[in-house]
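Participant: one predicted model, sequence on top.
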Amino acid sequence: MIRSKIAISSKNYYSCEITEKIPLKISILAINGPEGLGTIEALDRKEETLKEYVSQMKQSEQIVNIEITHRTPHIYWNKVKHRLDYPSIHETILESGSMTILPIVIENGVQYHNILSPSSTNFRNLLSKLKKRYTDINIRALSSKPTETVQDLLTDKQFETLMLAYKRGYYEIPHRCTIADIADELGIKRVACQERIRRAEQRIIDYYVKTSLFSIYGFY
């Protein structure tokens, strides 16, 4: 699984254009198709700023309706329904097989998405779609956390042999047992035991090194 934080901005995209001009922080807390619910916070602590945002939204051709459901002098709760001639940023993320962890934060003309992608393939597809459709894409954070256990990576015999080696102290410094000791306990030849351990180690190292490379460089 790939977890990323991506900053996305685009020309002619209402939320980016308006927040670039008005000092606001928008937090989208729920999404239902073209409708979003969230909060608008005035960064200058002035209610006039919130009123200006609402006015700009009502004038936008991309907005069907904006409703203020609750208000304080510095924060408005709002419900917005948009109408776009192209897929929204949120829809694009879903199209790629990924998903945004809400809230989506919009500030200074930029949408910030925390995204989960089930695989590196989905993540590459996500980046490809975002770059084709929007003006500026900036990866702020990227991590790949193993979703498999050691047992998932190995055959039953490899796992059995590796666990026995670990329990008997083969991986301690200095070794508390030898390959021959483990082979005797399993009732197999020393060469076969050594082969199992080496193949198990190779699978584990290969998996975790690839995971680290993707986390750092974005590719295997």
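Facilitator: Okay, I see it.
Participant: the domain parsing of this protein - what is it?
Facilitator: Each structural domain of the chain that the record assigns through automatic domain parsing is listed here as a residue range: 2-144, 150-217.
Participant: and among those, the most buried is which?
Facilitator: Of the domains of the chain, the one with the most neighbours on average (mean count of other Cβ atoms under 10 Å) is domain 2-144, at a mean of 16. Just so you know, the C-beta spots here come from the backbone N, C-alpha and C atoms, and that holds for glycine as well.
Participant: any idea of the mean pLDDT for that one?
Facilitator: Across domain 2-144, pLDDT averages out at 92.
Participant: tell me the gap between it and the middle of its chain.
Facilitator: Put simply, domain 2-144 sits 16 Å off its chain's centre (Cα atoms, centre = their mean, to the nearest Å).
Participant: same deal with stretch 136-156?
Facilitator: On the basis of Cα atoms, centre = their mean, stretch 136-156 sits 11 Å off its chain's mean C-alpha point.
Participant: one more: stretch 175-188?
Facilitator: For stretch 175-188 - counting by Cα atoms, centre = their mean - the centre lies 44 Å from the chain centre.
Participant: for that stretch, measure first residue to last.
Facilitator: 20 Å (Cα to Cα, to the nearest Å).
Participant: list the contacts of it.
Facilitator: Here stretch 175-188 makes contact (Cβ atoms under 8 Å, 6 or more residues apart in numbering) with 160-161, 164-165, 168-170, 189-190, 192-194, 197.
Participant: filter those residues down to just the ones in helices.
Facilitator: Within the contacts of stretch 175-188, residues falling in helices by DSSP state H are Glu160, Thr161, Leu164, Ala165, Arg190, Ala192, Cys193, Gln194, Ile197.
Participant: mind listing the strands for this structure?
Facilitator: Listed from the start of the chain, the chain has strands (DSSP state E) covering 2-9, 24-32, 35-42, 63-71, 75-82, 99-107, 110-117, 136-144.
Participant: so what are the sheet partners of the last one and their directions?
Facilitator: Paired neighbours of strand 136-144 in the sheet (DSSP bridges): strand 2-9 (antiparallel).
Participant: so the partner strand versus strand 110-117, what angle?
Facilitator: 160 degrees (axes from the mean of the first three to the mean of the last three Cα atoms, to 10 degrees).
Participant: angle of strand 2-9 against strand 99-107?
Facilitator: Between strand 2-9 and strand 99-107, the angle formed by their directions is 30 degrees, by the same axes, to 10 degrees.
Participant: got the CA positions of strand 2-9 in PDB?
Facilitator: As requested, the backbone C-alpha atoms of strand 2-9 are provided in PDB (Å, rounded to 0.1, in the frame of the first residue of the first chain):
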ATOM      1  CA  ILE A   2       1.300   3.500  -0.900                       C
ATOM      2  CA  ARG A   3       0.400   6.500   1.200                       C
ATOM      3  CA  SER A   4       1.100   9.900  -0.300                       C
ATOM      4  CA  LYS A   5       0.400  13.600   0.400                       C
ATOM      5  CA  ILE A   6       0.000  15.500  -2.800                       C
ATOM      6  CA  ALA A   7      -0.500  19.200  -3.400                       C
ATOM      7  CA  ILE A   8      -2.600  19.900  -6.400                       C
ATOM      8  CA  SER A   9      -3.500  23.200  -8.100                       C
END
